[in-house]
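Asks: below: sequence and its predicted model.
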Amino acid sequence: MSNQNSRDEQLYSRVGEDEYDPFYGRYIEHSRGKNFLTRLEESKADFLALAATLNDESARHRYASDKWSVKEIIGHVMDTERIMAFRALSFARGERANLPGYDHDAYVTAANFDSLALDRLLANYRTVRTSTLEMFESFTPEMILETGIASGCRFSVRALGFIIAGHDMHHRQVIRTMYLSGIKR
């Protein structure tokens, strides 16, 4: 591997603890030491394969009355990815304003994901992930290292890539462990 390729690999495979708020460490741990662009691509395929085991009825399953349905989890993953990608784009472009946080529960409630057909949600997921990947791939090494403030926390652009990948992986794990055992497919 050339020095340039080695540097680029390190750029996309490492993230310092000073590049994100500790709350997000649980998501980053899913991808630490791996190229986050590769993780984004892999997690897209894995998420779609998992969702392919469901139908519209089973995707409305909740393992408890106060928990989101699988469709709502898919919608939440997309909403969060869009917000984190917007933050990454903003910081990569030099935004210095503090970006707001968001209430994920309020977003899920307002979206009414359970009323959408599962195939429509999954098509939307594919589009969002493809767009996210293309955006990150377009960033220069300098842009990947840019930082900014969102929700009162400092993030680097690359930390946001790790968070997107890890958040997806976290929720896929939740679906497997908490939902699939109770779903009739």
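Replies: Nice, thanks for sending it over.
Asks: could you list the buried residues of the biggest helix by length in the chain?
Replies: As assigned by DSSP state H, the longest helix anywhere in the chain is helix 70-92. Neighbour-count burial for helix 70-92 flags 70-81, 83-85, 87-92 (criterion: 16 or more other Cβ atoms under 10 Å). In short, each C-beta sits where N, CA and C put it, glycine included.
Asks: go ahead and flag the most central residue of this structure.
Replies: Geometric centre of the chain, nearest residue: I164, 2.7 Å, by Cα atoms, centre = their mean.
Asks: can you pull the contacts of it?
Replies: Residues counted as contacts of I164 (Cβ atoms under 8 Å, 6 or more residues apart in numbering) are 36, 40, 80-81, 84-85, 132.
Asks: which single one of those residues is nearest to E29?
Replies: F36 (12.4 Å; Cβ to Cβ).
Asks: ignoring the adjacent residues along the chain, who's closest to that closest one?
Replies: Nearest residue to F36, sequence neighbours excluded (Cβ to Cβ, 6 or more residues apart in numbering): G161, at 4.2 Å.
Asks: do you know how far that neighbour is from F139?
Replies: Distance, G161 to F139, using Cβ to Cβ, to the nearest Å: 9 Å.
Asks: same question for L122.
Replies: Counting by Cβ to Cβ, the gap from L122 to F139 is 27 Å.
Asks: of the contacts of I164, which is the nearest to R154?
Replies: Looking across those and measuring by Cβ to Cβ, the closest to R154 is M84, at 14.1 Å.
Asks: could I get the contacting residues of that closest one?
Replies: Per Cβ under 8 Å, 6+ apart, neighbours of M84: 160, 163-164, 167.
Asks: tell me where the model's unsure across the protein.
Replies: 1-7, 182-185 (pLDDT under 70).
Asks: what are the boundaries of the helices in it?
Replies: Secondary structure of the chain (DSSP H): helices located at 3-13, 25-28, 36-51, 70-92, 104-111, 118-138, 141-144, 157-174.
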